[in-house]
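Participant: predicted model, plus sequence, below.
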Amino acid sequence: MVLNPLTFWIAAGAVTLAAAYAYLRWVWFFRDPVRVPPADPAAVLAPADGKVIYVRPIEEGAVWSFKLGRPIPLPEITHSADPPRSGWVVGIYMSPLDVHYVYAPAFGRVDEVSHHTAARNWPMVDMWEYIRLTWLHRAVDLLGKRHHLENERLTLRLWMEGTNRPAERADARGAEGDLWLVEIADRFVNKIRCFVQSGQVVRAGQKLSFISRGSQVDVIMPDPQVHVVVRPGMQVYGALSVIARREGRP
C-alpha cells in the first residue's frame, strides 16, 4: 500500500505525538535526579519540586481557608489525631512536569507514618487552574478544595535532630523540632509509595516517598523558632530549596 503524502505526514505526526506522550508519562515522569542538599543545619528544605501555593499561620489548631470562608481544623488535612496548635503551613503544588519524589526536609527521625487511602480521589485542579499553575507559572490557592480534605494522603511526622526537645516531651504533638508532611494525591492515584518507617533516622534530602501523578505536599512547622522564607508563587526544588530557617541554629 502506498500512502499519499498528506496521509503519510498525518500518520507520522500521530506516531510522534504518541511516542512523546509515552516517553513523558512512563520514562521522564519517573526520573530520579541526583540531589545534593546544602550543608546548612538551620535550613528546612523543600520536600518536593513545585509551586508554593500558600503560606498560612496555624492558629488554635486551624488554618484559614479563603475558599471556604472558615478555618479548617488541622486534623481535616492531616487525617491524624492531635496535630500542632500553632505554627505555619506551606503548600506546594507538584505539576505533572515536576519530579515526583518527596525528600526529607532536614536530618531527623520519622516519628509517625500514616497512610489514608480514599474510595474516590477528586481532581486537584480544573483546566484553567492547571494552565495557570503548570504553564503560566502562577500560584493558585488550593487550600480547602475537596481534594485537599478527602483524597488519598500520606502523613509523616518527623523530629528534626539537633533541636532541644525535652525528653519528657518526646511524645508530645507540636513540640519544638517536629515537622509534618502531608502528601496529597491527585485523581485516580491511590499509589503513594512510602520508603521509610516509624523510628527510622533520615538524612536531609533522603527520598521518603513517590507520588505517581500530579499532587500536593503540605509542610506543617509548629516550631515557634521557624522563620518561613518562601512566598506564594515561588518555584522550589525538593532537597535543594530552603523554605524556612530555624532561628538560633548555627
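Facilitator: That came in fine, so what should we check first?
Participant: how many other residues sit next to Met127?
Facilitator: Neighbours of Met127 under the rule other CB atoms under 10 Å: 8. For the C-beta atoms, the positions are set from N, CA and C on the backbone; glycine is no exception.
Participant: quick check, pLDDT for it.
Facilitator: As predicted, Met127 sits at a pLDDT of 90.
Participant: and it, how far is that from Val36?
Facilitator: Going from Met127 to Val36 by CB to CB, to the nearest Å gives 37 Å.
Participant: same deal with Ser114?
Facilitator: 30 Å.
Participant: out of the two, which sits in the busier spot?
Facilitator: Neighbour count, other CB under 10 Å: between Ser114 and Val36, Ser114 has more, with 16 against 8.
Participant: just give the nearest non-adjacent residue to that one, would you?
Facilitator: Closest residue to Ser114 apart from its sequence neighbours, by CB to CB, 6 or more residues apart in numbering: Thr155 at 4.8 Å.
Participant: before we move on, what about Arg213?
Facilitator: Using CB to CB, 6+ apart, the closest residue to Arg213 is Asp186 (4.5 Å).
Participant: so the one you found makes contact with His147?
Facilitator: Yes: with contact defined as CB atoms under 8 Å, Asp186 reaches His147; the gap is 7.2 Å.
Participant: confidence-wise, which helix or strand of this structure is lowest on average?
Facilitator: Least confident helix or strand, the chain: helix 5-26 with a mean of 82, by mean pLDDT, DSSP states H and E.
Participant: whichever helix or strand comes after that helix packs against which elements?
Facilitator: For helix 5-26, the following helix or strand on the C-terminal side (DSSP states H and E) is strand 43-45. Applying 3 or more CB pairs under 8 Å, 6 or more residues apart in numbering; DSSP states H and E, we find strand 43-45 packed against strand 242-246.
Participant: listing partners with orientation, what would you give for the strand it packs on?
Facilitator: Strands that pair with strand 242-246, judged by DSSP bridges, come out as strand 43-45 (antiparallel), strand 226-228 (antiparallel).
Participant: mind listing what's buried along the last one?
Facilitator: In other words, strand 226-228. Using 16 or more other CB atoms under 10 Å as the test for burial, strand 226-228 gives Val226, Val228.
Participant: do stretch 60-78 as well
Facilitator: Gly61, Ala62, Val63, Trp64, Ser65, Pro71, Ile72, Leu74, Ile77, Thr78.
Participant: now do the SS call for the residue nearest to the spatial centre of the chain.
Facilitator: The structure's the chain has its C-alpha centroid closest to Val217; by CA atoms, centre = their mean the separation is 1.9 Å. The assignment at Val217 comes out as strand when based on DSSP: H, G, I helix; E, B strand; the rest coil.
Participant: fine by me, we can end here.
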